[in-house]
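**Student:** I would like to see how this sequence folds:
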Amino acid sequence: MRRRTFTGLGLFGHTAGVRADDFELSPIKAIELRASRLPDVVSLAQGIPSFDTPEPIKRYAAEKMAEGKCAKYSLTPGLPQLRELLSEALWRDGMRYDPDGEIIVTCGSIEAISATLLALVEPGDEVLLASPTYASYLGAVRLAGATPRFVPLKEDANFDLDPEAIGAAVSRRTRAILLSNPNNPTGTVYSAAETARMMELAARHDLLVISDEVYKDFIYTSEPPGNPARLPEHRGRVVRVCSFSKAYGMTGWRVGFLHTARPLAERILKVHDALVTCAPVVSQYAAIAALEVGDPFVEQFRAEFRERRARIIDRFDALPEVFDYQKPNASYFAFPRIKDTTPLARDSRALADDILERARVALVPGIAFGPTGESHLRFCYARDLADIDRAFDRLSDYFRGRPPHTAAPAAPPPAVRRGGPLRSAGVGLLHALARLRLARQRPRVVAIAGGRGKTVLKRLLAELLGTTLRVRSNPLSYNTEIGIAFAILDTDFDTRMPGSIARGLARAAWHAAWPDAIDAIVLEFGTRQRGDIAKLLRVVRPDIAVVMPLTPSFADDQDALAAMRAEVRTLLDATHSGGGAVAVCADDPVLAGLAEPAHPLWFRLADCQERAGRRWIRAAGTDYALGRELVGDSNAYALIASVIIAQHLGVPEDTIRAFLASEPGS
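**Tutor:** Model prediction:
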């Protein structure tokens, strides 16, 4: 393959014009603009920290203005003092970059990204975007005359990189990979292992890698993030972009920086000069102060965001009928999936619009972040705790069908369309194929039911059991009679996509006739109304049933809670009568009474304790040291239950200890 050394013409060789009509306003900005025209809106949309710029930073910038230091341009790459401080900070973080020639101070991160693309990407080239991805990347790629191409992240691995998918997407026109790490909108920290594999692929295909790391200061796990710029063998193809906006409460100052190898920096600098001449000088002085005195404020902000993350996770857990989510490990965004039983779940733009109009809560539709963002909503928890609670109080009313925040009486939410005879026939076929698959190769079936924490438990179980068993699970919500068949058959289809149903049924038939060999499958047995569990039991009888605490999705929805209790009783009786095991949360007194005849394996919050400065989990009389982060009660319940199930399925004790002692991927 002919190697490219990034010597293309860049901005000055562009032959294709880019018109304003080729662009759209960022969906994030568009939702905020719409929200500004409505009264009494609570916004969890745009990613702006609620903090003011720290006083020492403002004071230093004011002093420089008073001294007359800010009235003239700086050197195009930035103030020498600032670049030297940046070089020292990078060196302490394991990266060596020359302040004279390899660091450029920019007007925020998006200008750095745009200048990089304009300098190093040719019209007609393709730029791979890890999806879901930051919405504004699309405009930057198109500004360079290039074509964005989405590559899905691995949602079942908390949206980690998927080097196989990246490799499959590379074509002869592919020029670069652009990604945010930590990821916006998912809050993912890409693992070091998958980052290294991606860089090997980039070297093999001679690709530029642009790593946008503006949320690097807000990481909540001990796992070191993947960082392409720390890999010296790939130094010549990496452009790393950072910003002062998020870490120091400086979004309005518009100052960031990039660092890269000198040959690339020289070309980017020419475009940077053509675009802005230099970053605002007053903002550069503020950045100097941030580097010199800002660390305590970053620690303070990080602690605040960690608390807000815990609050938003608790609020997601209180609406288990609506949200599935992956725990965000960084940034201040969460990206839950909307369960398919929720109206408009498959049209996130329409759902976000409806929530804004009827509940007066501004959220960003998942489709704004690429095709794999559909069926999600992005929540920004950079807001005050009071705003987060106000927003979720309104969302609770909205999803119950009675939003109180509009002047006129609101119409009921759109109904979920149900099919007729054709749909019934399709469901019957899927069920038959699922039963055939289980007859040909029968894994141990773990069914998860109850209220809070089902998705968290499903993910933890798949991870822990996967250390020694062949396990299949999916973090998405399978709480319908169609979804349970999809999960067993390892297939899915989207009725909006041409040919999707035919391809999905073909995959289902193949997996039924020639099933893959797995030891265990983890399924969600969700309930919305009486009779749901009976429908699921016609497809599969679980070997183990795990029931999380039973809580209503809405504070006064006692009818729904009563229905859930009745359905859980059906599941417990069926599992016990079939010789299966039952694990039940003992902290729920009603649930404990329902489970008593089945002689369950109990789990409770008291099984997670802190002793001598360390956290411990007790399961079946065995104590395990806990090194993993716990966020919220649902996470604690899920972790304890996963250990009980792993013990029951024969996972070695040493393996369980190693799993609990470390963060994922470490």
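
**Student:** alpha carbons only for contacts and neighbour counts from here, please
**Tutor:** Will do.

**Student:** low-confidence bits of the stretch 401-550 of the chain, can you list those?
**Tutor:** Applying pLDDT under 70 to the stretch 401-550 of the chain flags residues 402-423, 474-480, 493-500, 528.

**Student:** go again with 90.
**Tutor:** Within the stretch 401-550 of the chain, the ranges that satisfy pLDDT under 90 run 401-442, 447-463, 471-518, 523-540, 547-550.

**Student:** strands of that one, residue ranges please.
**Tutor:** Defined through DSSP state E, counting those that start in this stretch, the strands belonging to the stretch 401-550 of the chain, from first to last, are 444-449, 471-472, 520-524, 544-547.

**Student:** among those, which is nearest Asp156?
**Tutor:** When the strands of the stretch 401-550 of the chain are compared for distance to Asp156 using Cα to Cα, the nearest one is strand 471-472, at 10.4 Å.

**Student:** direction included, what does the closest one pair up with?
**Tutor:** Strand 471-472 has the following sheet partners, assigned by DSSP bridges: strand 520-524 (parallel).

**Student:** tell me what angle the strand it pairs with forms with strand 444-449.
**Tutor:** Angle between the axes of strand 520-524 and strand 444-449 is 20 degrees (criterion: axes from the mean of the first three to the mean of the last three Cα atoms, to 10 degrees).

**Student:** for the residue most central in space within the chain, list the residues it contacts.
**Tutor:** For the chain, the residue sitting closest to the mean C-alpha position, by Cα atoms, centre = their mean, is Thr186 at 2.3 Å. Thr186 sits next to 132, 159, 328, 333-335, 378 when contact means Cα atoms under 8 Å, 6 or more residues apart in numbering.

**Student:** will you turn these into CSV that also has secondary structure, neighbour count and pLDDT?
**Tutor:** Compiled in CSV, those are given as follows (DSSP: H, G, I helix; E, B strand; the rest coil; neighbours: other Cα atoms under 10 Å; pLDDT from 0 to 100):
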residue, secondary structure, neighbour count, pLDDT
Pro132, coil, 29, 94
Phe159, coil, 21, 91
Pro328, coil, 25, 91
Phe333, strand, 27, 95
Ala334, strand, 27, 95
Phe335, coil, 27, 95
Arg378, strand, 29, 96
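
**Student:** pipe those into a markdown table and attach distance to Gly226 per row.
**Tutor:** Converted to a markdown table, the contacts of Thr186 look like this (distance: Cα to Cα, whole Å):
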| residue | distance to Gly226 |
| --- | --- |
| Pro132 | 18 |
| Phe159 | 14 |
| Pro328 | 16 |
| Phe333 | 19 |
| Ala334 | 20 |
| Phe335 | 21 |
| Arg378 | 23 |
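
**Student:** quick one: the closest residue to Gly226 other than its chain neighbours from Met199, how far?
**Tutor:** Leaving aside its chain neighbours, Gly226 sits nearest to Ala192 (3.7 Å; criterion: Cα to Cα, 6 or more residues apart in numbering). Here Ala192 is placed at a distance of 11 Å from Met199 (Cα to Cα, to the nearest Å).

**Student:** among these two, which residue is more densely surrounded?
**Tutor:** It is Met199, of Ala192 and Met199, that has more neighbours when counted by other Cα atoms under 10 Å, with 24 against 18.

**Student:** correct me, but that one touches Ala229?
**Tutor:** No. Shown here, Met199 and Ala229 do not form a contact pair, counting by Cα atoms under 8 Å, at 10.1 Å.

**Student:** let me see the confidence value for Thr575.
**Tutor:** At Thr575, the model reports a pLDDT of 91.

**Student:** for it, phi and psi?
**Tutor:** Torsion angles at Thr575 (phi, psi; degrees, to the nearest 10) stand at phi -70, psi -50.

**Student:** from Ala598, how far out is it?
**Tutor:** Taking Cα to Cα, one finds Thr575 at 9 Å from Ala598.

**Student:** just Arg435 next, same as before
**Tutor:** The gap separating Arg435 from Ala598 is 26 Å, by Cα to Cα.

**Student:** can you list the weak-confidence ranges in the stretch 101-250 of the chain?
**Tutor:** For the stretch 101-250 of the chain, residues meeting the criterion pLDDT under 90 lie at 135-136, 154-158, 221-226.

**Student:** which parts of it are strands?
**Tutor:** Taking DSSP E, counting those that start in this stretch as the criterion, the stretch 101-250 of the chain carries its strands at 103-106, 126-131, 147-152, 174-180, 208-212, 238-243.

**Student:** buried deepest among those strands, which one?
**Tutor:** With neighbours taken as mean count of other Cα atoms under 10 Å, those reach their highest mean count in strand 103-106, at a mean of 29.

**Student:** partner strands of it, with direction?
**Tutor:** When DSSP bridges is applied, strand 103-106 pairs with strand 256-260 (antiparallel).

**Student:** beyond the partner strand, next helix or strand please.
**Tutor:** Moving toward the C-terminus from strand 256-260, the first helix or strand encountered (DSSP states H and E) is helix 262-276.

**Student:** avg pLDDT for that next one?
**Tutor:** Helix 262-276 shows an average pLDDT of 96 in the prediction.

**Student:** contacts for the helix or strand following that helix?
**Tutor:** Per DSSP H and E, helix 262-276 leads on to helix 281-293 as the next helix or strand towards the C-terminus. For helix 281-293, the surrounding residues in contact (Cα under 8 Å, 6+ apart) are 56-58, 60-61, 64-65, 69-74, 78-79, 81-82, 85-86, 105, 244, 248, 253-255.

**Student:** got a quick ChimeraX command for the buried subset of those residues?
**Tutor:** What follows is the ChimeraX syntax selecting those of the contacts of helix 281-293 that are buried according to 16 or more other Cα atoms under 10 Å:
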select :57,58,60,61,64,69,70,74,78,79,82,85,86,105,244,248,253,254,255
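
**Student:** tell me if Ala625 really is in a helix.
**Tutor:** No. Membership of Ala625 in a helix is not supported by DSSP: H, G, I helix; E, B strand; the rest coil, which gives strand.
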